[in-house]
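Asks: Just to be clear, the model below is a prediction. Sequence and coordinates:
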Amino acid sequence: MEIKTVTVIGANGTMGCNIAGIFASFGKCKVYMVCRSMEKAQNAIPKSIKSIKAEAIGDRYIPATYDDLPTCIAESDLIFESVSENFETKKDIIERIRGYVQPHAILATGTSGLSINAMAELYPEELRPRFMGMHFFNPPYMMTLCEIINSTYTDKALSDELFDYAENVLHRAAVRVHDTAAFLGNRIGFQFINEAMQYAERYKDNGGVDYIDSIIGQFTGRNMAPIATGDFVGLDVHKAIVDNIYANTKDYAHDTFVLPGYVQKLIDEGKLGRKSKQGLYKTVVSESGKRIQYVYDIATGEYRERVKYRFPFVTRMIAHLHAGEYAEAFKSLENNHSVEAEICLSFLIKYVLYSITVARTSSDDIRFADDAMATGFGWVPPLAVIDALGGVEKFRELARDRLSSELRAQINLDETLKDLPLPSKYDYRSYFKGKQ
Amino acid sequence: MSKVYVMGGSQPDFERNWSREGKNVIAMLREVIADGCDNAHITYDDIIALNEKNRVACFVGSYLSELYNGQSHVGALLTEVNPAFYGVPAVRCEAAGASGAAALDAAVTKIAAGEADVAIVVGWALVNSVDAATGASYVSYASYMEKESIGVDAVMPHQFDQLVGEYLKRYDAPKDRVMKSLAHLAELGYENGKRNPKAQTRKLYMCEEQANMRGCATNPMIGEYLAQSDANMVTTDGAAIVVLCSEEYKNAHCADVAMPYVKGRGVRVAPMVLNEKLALAKDADCLLPWTKRAVDEAYAQAGLTVDDIDVFELHDYFTMSEYMLLSCIGLVEPGKEYELIESGKIEFGGEKPVNPTGGFIGGGNPQAAGSVRMFLDIARQTVGAGGKGQVEGAKNGLMVSFGGVATSNYVFIVGM
């Protein structure tokens, strides 16, 4: 597959701009940066260069507007649409470009949740085989996951070529995913985050948001605690993703995608998270210049100072992880039967089971769930969690012991854990941090 | 003299930032020693048994751990990793950026002398405990600080830059071609690093054009000639381990296993002060005569020439250090290195591949771990275990590591 010229439509958005950088750098492509105005396109170019930290790629960009689309599209080997997540907006773009697409060109959308099939049907029949989803994660330069999603019309050989191009030319961790709601990485990741938000509500009298984040923090295999991650992503974005999954899927975890009321309330108040300087957390700088972290207290509906919880099992786990004693760290978790340790272990178990369940239905290979979580979220991959906890038999035993009977009744453990490609290709040790 | 065999070894992912992970040096050593011993098929029980007869020793390469980690006595620190090391002779070796090579040399000497059957060589660095600027200033300590640091913030970049100027003058070399060749070495480092699953830069982008755009905002100058892209990162945490054994041990315990052995080595220390080094070189046939001598002695000991070597790992602390070493190892006459680079001969897939792992620039350079990693990689190449970076049919590999500006020079030839 030879891709020399790429058109990125919506190149001034965060994702469009940064993905253009991936094509311009690793892909060595000439990139048309198409935006609604020339000013936006011109402003997007330095941002794109900066995202790759390489001025040498500067002469590979050409700013353009929607008026230039006929020329850009006619010249492009790959057209990457990255406009806002609105079906009508995307439809408008498809209508503008479909008359100019070269017979050999690939049509890709960067949607994170809209139906690839429905979008494919907006193209004339002869172009539908050339259309597919190409879902990058933010920031794409450091998060290398790229989900390739076929529609039912996609030419599979062409999709294989794009997969190979993403992997070997763009240096992405390419995974093949079916056209299901939120695809693979976000479905697994936002299930975890939303359930953590639900638990915060359930345990609001114990502390709520910071209480739950302290139980499943960095020492459980992530760079940031889950609710803080939702706050970082933006609560409005979080809501759009979980609402989409709730509306379009029906599995045993369905209820865990219901957005908690307190999160909706914050969204309604414009408190969207870090981007609006307040959400579930906010940082207040005191008169003396000290930065104090506040958290939204669900029970009172007010912000209060974040509590530094010190649960004995967490203290022990962190001490062991700090010194590289992984087996001892997981033993500390397993042998502690406090409410907090039980929540922590059950979240890890549920994460693994849901990841496998989704990977079995939404991708061709369970290992893609590992790739998705490692390279899209920076979380310990699910199969690596099984390795960390002592292998599949030990994991099965833990799942039987620690999950509620209601949940166990909905999950066929033996089927879920059957024929897993273990061990994971990812080393779990780097993911479990020796800190809160 | 016993032959010294390479049983195996390991390195962690050099992309990892152990401070950010909240892990200490013991965590790092526990991982790398467990992985390395596993790869070498040696257990802690084997170490205990060897120790009963005083036939095992450990050599730890470490540089500036007092500054980065507030920790000295790092040979003895292995006893914190596992009680199997109680009683095992363990010592720290230090030769600035070649500290790991110094540990390897001590280990090879110990086994060759018949004083041990197994030697465990570890190099490590945890540098993200301080910010990058502080770390860069620490590295200056490889020079003679009292004489060479006056009025200079970062001595190492300054001195390698000085070396470029001296080279251009001595050989009247075409500056544009030399600088472009240095930029090409940076590109090759990143390109080769993409094949190495443990390389620090495997997500990062670099091309010759970018590396040659010295002085732009994304590639600031670090001297008169060199820019950021000419240097390896100073933010690599990591460790590497190699397990060596005597011929007797191999014959007794793993006779059927194909293992590479150390065919030759050379160790030479040049004058510490760069200006003295350069003044002495005026009468020599190259700019780094002591480095070349170490290489020549390694070839002589191995009974091999450059023609017999299939793969090289060269110390690319800066692009200029790799550049200078190309003539020291005999791949080209001094002053014509740029022609060799332009020819493509040292690229992966070329006739004489250099740093197929990405070297320090692409792979990362956790200081004392760097040269242990180089040694491990040439050994792996000779048994076909180089992964995607495997040089087809490699039978002999050569590595050159040095501390300071080609001051403490270590050369090893490993092969089947």
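Replies: In hand now; what should we look at? Just so it is clear, the model here is predicted, and its values are computed rather than measured.

Asks: Which single residue in the stretch 101-250 of chain B comes nearest to chain A?
Replies: B:Gln210 (3.6 Å; Cβ to the nearest Cβ). Backbone N, C-alpha and C define where each C-beta goes, glycine included.

Asks: Contact partners for that residue?
Replies: Going by Cβ atoms under 8 Å, 6 or more residues apart in numbering or on different chains, B:Gln210 touches A:Ala54, A:Glu55, A:Ala56, A:Ile57, B:Ala183, B:Thr218, B:Asn219, B:Ser229.

Asks: Dump those to CSV, plus secondary structure and distance to B:Val262.
Replies: Shown next, in CSV, are these (DSSP: H, G, I helix; E, B strand; the rest coil; distance: Cβ to Cβ, whole Å):
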residue, secondary structure, distance to B:Val262
A:Ala54, coil, 41
A:Glu55, helix, 45
A:Ala56, helix, 42
A:Ile57, helix, 44
B:Ala183, helix, 35
B:Thr218, coil, 42
B:Asn219, strand, 39
B:Ser229, helix, 34
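
Asks: Between which two of those is the distance greatest?
Replies: Greatest spacing in those, by Cβ to Cβ: A:Ile57 and B:Ala183 (14.8 Å).

Asks: Isn't B:Gly193 up against B:Met206?
Replies: No. Using Cβ atoms under 8 Å as the test, B:Gly193 is too far from B:Met206 to be in contact (9.0 Å).

Asks: of those two, who's got more company?
Replies: A count of neighbours by other Cβ atoms under 10 Å in any protein chain shown puts B:Gly193 above the other of B:Gly193 and B:Met206, at 28 against 25.

Asks: Let me see the contact set for the more buried one.
Replies: If a contact means Cβ under 8 Å, 6+ apart, then B:Gly193 has B:Ala199, B:Gln200, B:Thr201, B:Arg202, B:Thr357, B:Gly358, B:Ile361, B:Gly362, B:Gly363 as its contacts.

Asks: Let me know the pLDDT of residue 110.
Replies: In the absence of a named chain, chain A is used. pLDDT recorded at A:Gly110 is 97.

Asks: right idea, wrong chain: chain B
Replies: The model's pLDDT for B:Lys110 equals 98.

Asks: mind checking the SS state of the residue nearest to it when sequence neighbours are not counted?
Replies: Excluding the flanking residues, the one nearest B:Lys110 by Cβ to Cβ, 6 or more residues apart in numbering or on different chains is B:Ala116, at 4.8 Å. With DSSP: H, G, I helix; E, B strand; the rest coil as the basis, the three-state label of B:Ala116 is coil.

Asks: For B:Ala116, give me its contacts.
Replies: B:Ala116 touches B:Arg55, B:Val56, B:Ala57, B:Lys110, B:Ser246, counting by Cβ under 8 Å, 6+ apart.

Asks: where's the third one, which helix or strand?
Replies: B:Ala57 is part of strand B:56-62, with elements assigned from DSSP states H and E.

Asks: Centre of the chain to that strand, how far?
Replies: 16 Å (Cα atoms, centre = their mean, to the nearest Å).

Asks: Tell me the strands beside that strand, with direction?
Replies: Note on strand B:56-62: by DSSP bridges, its sheet partners are strand B:90-93 (parallel), strand B:118-125 (parallel).

Asks: Quickly compare those strands and say which is most buried.
Replies: Stretch with highest mean neighbour count among these: strand B:118-125 (a mean of 30; mean count of other Cβ atoms under 10 Å in any protein chain shown).

Asks: model confidence over that one, on average?
Replies: 98.

Asks: Likewise for stretch A:265-280?
Replies: Stretch A:265-280 shows a mean pLDDT of 97.

Asks: buried ones in it?
Replies: Using 16 or more other Cβ atoms under 10 Å in any protein chain shown as the test for burial, stretch A:265-280 gives A:Leu266, A:Ile267, A:Lys271, A:Leu272, A:Gly273, A:Arg274, A:Ser276, A:Gln278, A:Gly279, A:Leu280.

Asks: is it true that B:Phe412 lies in a strand?
Replies: Yes. Assessed by three-state DSSP, B:Phe412 belongs to a strand.

Asks: Let me know the closest of the buried residues of stretch A:265-280 to chain B.
Replies: A:Arg274 (19.4 Å).

Asks: Tell me which helix or strand the closest residue to A:Glu328 other than its chain neighbours sits in.
Replies: In this structure, A:Glu328 finds its nearest non-sequential neighbour in A:His320, 4.4 Å apart by Cβ to Cβ, 6+ apart. Assessed by DSSP H and E, A:His320 sits inside helix A:312-322.
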